[in-house]
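> let me see the structure of the following:
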Amino acid sequence: MNRCVQACTVGFGLLYGGCVLVDNGYARAVASDITPAHSALEKNNRAGREAAWNSWDHLHSFTRLPLNPEGWTDLLALYQHPDYYNDSRIVYVSSSRGDDSTAVAYEKNSLVLGSDPFNPAGPVAAYKTINKAYSQLRDGYPDIMLLRRGDVFEEVLSQGWGRGWQKSGRSSMERMIVNYWGDAKERPQLIFPDRTLNTYGGGGTPPEISYLVFSGFDGYGAHRDPDSERYVDANSLDENGRLVQPQAGVLWLMPGSDILFEDIRLSFGQFTVQYSGPKSLQNFAVRRSVIDKNYGISGKYHAQGIYASGVDGLLVEDSVFDYNGKNDSVPNAFPTIFNHNLYIQSDNRNVVIRGNIISNPSSHGLQLRPGGIIENNLFLKVPIAAFIAGTGGQMVANVVLSGNDISDTLPRGWGLDVLTANPTVVRRNIVANKDAVVSAGFAYHLSCAPDRCPATMTEKSIIFENNIAYDWNGLAFGIKGEWPVAGPGIIERNQFSQFDPCHELINIEHPQDLFAGFTFGKNKYFSENMPSRWFRLGGNSYAFENWRRIVKDDGSTTTAPTFPDPERNIDSYLQHLGLEATHDAFIAEALQQSRFNWRREFTAAAVNSYIREGFGLQSP
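Residues are numbered from 1 along each chain as shown. I've put the predicted structure just below:
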């Protein structure tokens with residue numbers, strides 16, 4: 001267990017400003033609908049009933065596309081449906097075996113392909129270049145371009161005007177597909193000089209780009225990798241005397257709908273989806289992908305893993321985000337407060353962030369500025385795990401382990417934060433086992449101020465229940481700011497167990513009459529601090545009995561924790577698997593996740609289940 005390793009002080013800053021009020025009803029519907037489907041998938045796998053699986057009985061609630069027994073989008077089921085893809089054109093691309101002069105664009109019923117174009121029956125005549133293959137795709141058709149697995153392409157995917165993607169599929173069920181073929185385990189790799197994939201207007205680009213699946217490519221920014229022979233110092237100047245800035249690996253700037261990225265890896269490049277025009281960008285999903293090692297240069301430009309703005313309906317699911325925003329090997333790429341793994345801007349709507357591994361960013365693991373759903377994510381070595389703002393929403397069943405600081409001069413060690421008084425549910429989360437060298441910060445925090453919680457709000461409610469804070473040096477739970485008296489705020493059935501003799505367990509900074517709308521009850525409190533300093537209210541410290549009398553904390557107790565195995569962390573999880581017991585070893589495995597190398601033990605869901613068992617809890 002941690003002991004006091006820092007000075008006995010805790011400070012909180014109001015870092016974030018105004019909120020955009022949006023409706024999260026659609027996002028809540030998605031959350032309640034997908035989780036049972038995933039549970040059914042896992043039960044089917046465990047029972048060994050894959051042979052009887054019908055993917056059309058298991059549509060993903062966000063994409064509405066069929067899922068195979070392992071939870072991947074079933075592109076073959078989509079292709080083989082009798083009502084879809086009957087006039088498709090299929091083109092193959094191989095940098096190692098293709099020939100643009102002899103390649104063939106195939107029709108659906110070609111004998112060479114058989115019934116499965118992703119595993120063709122016979123040898124196919126492939127194009128050598130993506131450029132030539134792209135020219136065979138028809139805008140508005142359910143055409144398919146397949147890149148050979150294991151090949152390396154010195155090209156970008158988007159080959160239209162200005163190297164922008166300019167083509168759409170026909171409908172949400174007849175999407176244009178970019179995927180792979182071949183026998184290699186590795187995805188096709190695109191070494192991008194600027195962007196792997198880019199969309200923007202001009203040059204005959206349609207007014208909208210929609211109905212697309214991009215699945216199975218590895219975008220690698222070799223020029224940004226300090227270990228690559230192609231590395232270019234991002235602090236240097238180009239031939240025009242301008243600072244060499246990294247281009248986004250994926251840059252999506254067009255309106256449209258029904259766009260899915262699945263099974264991609266993007267290293268040393270940012271995934272940016274951003275639209276601010278008069279139309280709309282709807283139903284954009286990133287699933288089971290890996291985004292890592294994107295970094296910024298301090299004072300020059302910022303860098304995120306994902307930056308999203310202007311999307312109505314955004315899903316990020318079952319993906320891995322690691323080491324974005326910083327790079328110890330690049331001059332001036334040190335961590336700052338501006339770089340994060342996921343930066344979800346306040347002008348998005350209906351956002352769901354579920355089942356992701358979010359590790360070791362520069363600052364935040366996740367900024368969910370518009371509100372939405374944060375569910376069953378695993379946060380590892382994150383200075384500030386996540387906050388939810390805007391319209392509120394749900395922060396449910398997440399696990400936060402280890403913690404981190406931004407730097408020696410920017411201490412953090414913060415867990416989960418709520419920056420809105422709009423209806424928000426914080427339930428069944430675990431924030432536990434902070435590394436002893438990490439600064440004393442809060443496990444959970446509610447922070448309100450007039451700019452984000454105006455008195456004119458008509459719906460205000462915080463439900464904070466069944467959460468666990470365990471051995472997270474600093475505060476277990478804090479409230480800061482002038483919360484609307486109307487509330488209500490329900491703080492019930494939580495377990496706050498700290499072993500830090502330097503800090504209060506609970507700290508409510510504002511005067512008592514400003515939180516009259518809060519109800520405390522049935523919580524379990526434990527601390528190794530002096531009993532008279534467990535609770536702090538309005539600058540004064542109190543023992544439990546006085547605290548309970550002042551805030552009318554009914555049914556709560558001071559109970560030492562009796563969890564089955566609460567010391568569990570990522571090291572013990574790897575020991576449980578018989579592997580090297582380090583954070584780096586776990587992340588190295590997680591970064592290798594793909595459709596052809598999918599191992600459930602390296603998902604957030606599996607780790608979170610293991611951690612919950614240590615606290616005597618079942619998985620949701």
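> C-alpha only now, for contacts and for neighbours.
Fine.
> what are the ranges of the helices in this structure?
Applying DSSP state H to the chain gives helices spanning 25-47, 75-80, 130-135, 544-551, 570-577, 583-590, 604-614.
> mean confidence for the second one?
On average, the pLDDT along helix 75-80 is 97.
> and if you look at the third one?
Throughout helix 130-135, pLDDT has a mean value of 96.
> from the chain's centroid, how far away is that helix?
Offset of helix 130-135 from its chain centre (Cα atoms, centre = their mean, to the nearest Å): 32 Å.
> helices and strands around that helix, which ones?
strand 89-93 (3 or more Cα pairs under 8 Å, 6 or more residues apart in numbering; DSSP states H and E).
> contacts for the strand it packs on next, please.
Contact with strand 89-93 is made by 104-108, 117, 124-130, 133, 136-137, 142-148, 181, as judged by Cα atoms under 8 Å, 6 or more residues apart in numbering.
> for R175, which residues are in contact?
141-143, 168-169, 211-213.
> what about it, distance to D74?
13 Å (Cα to Cα, to the nearest Å).
> how about E317?
Per Cα to Cα, E317 is found 16 Å from D74.
> poorly predicted segments of this structure, please.
1-50, 245, 449-460, 482-488, 511-516 (pLDDT under 70).
> if we go to 80?
Applying pLDDT under 80 to the chain flags residues 1-51, 192-194, 237-248, 448-460, 481-488, 510-517, 619-620.
> who has more neighbours out of E317 and D74?
A direct count of neighbours by other Cα atoms under 10 Å for E317 and D74 places E317 higher, at 21 against 18.
> isn't that one right up against R287?
Yes. Using Cα atoms under 8 Å, E317 is in contact with R287, at 4.8 Å.
> how many other residues sit next to Q575?
Q575, neighbours per other Cα under 10 Å, totals 12.
> can you pull the contacts of it?
A581.
> spatially nearest residue to F563, not counting backbone neighbours?
Counting by Cα to Cα, 6 or more residues apart in numbering, F563 lies nearest to F615, which is 5.0 Å off, once chain neighbours are set aside.
> let me see the contact set for that neighbour.
So F615 contacts 563-566 (Cα under 8 Å, 6+ apart).
> what about the closest residue to S346 other than its chain neighbours, distance to I259?
Leaving aside its chain neighbours, S346 sits nearest to P370 (4.1 Å; criterion: Cα to Cα, 6+ apart). Separation of P370 from I259 (Cα to Cα) stands at 21 Å.
> equivalent analysis for E601, please.
Noted for E601: a distance of 28 Å to I259, by Cα to Cα.
> tell me which of the two has more neighbours.
Taking neighbours as other Cα under 10 Å, E601 and I259 compare with I259 leading, 25 against 16.
> D143 versus E155, what's the distance?
E155 sits 20 Å away from D143, taking Cα to Cα as the criterion.
> looking at these two, which is more packed in?
Ranked by neighbour count (other Cα under 10 Å), E155 and D143 place D143 first, with 28 against 20.
> measure that one to S172 for me?
Distance from D143 to S172, by Cα to Cα: 13 Å.
> before we move on, what about F338?
In terms of Cα to Cα, F338 sits 36 Å off from S172.
> contact partners for the closest residue to L113 other than its chain neighbours?
Using Cα to Cα, 6+ apart and skipping residues adjacent in sequence, the residue nearest L113 is P120, 4.3 Å away. Contacts for P120 (Cα under 8 Å, 6+ apart) come out as 112-114.
> and these, which are buried?
112-113 (16 or more other Cα atoms under 10 Å).
> cheers, nothing more for now.
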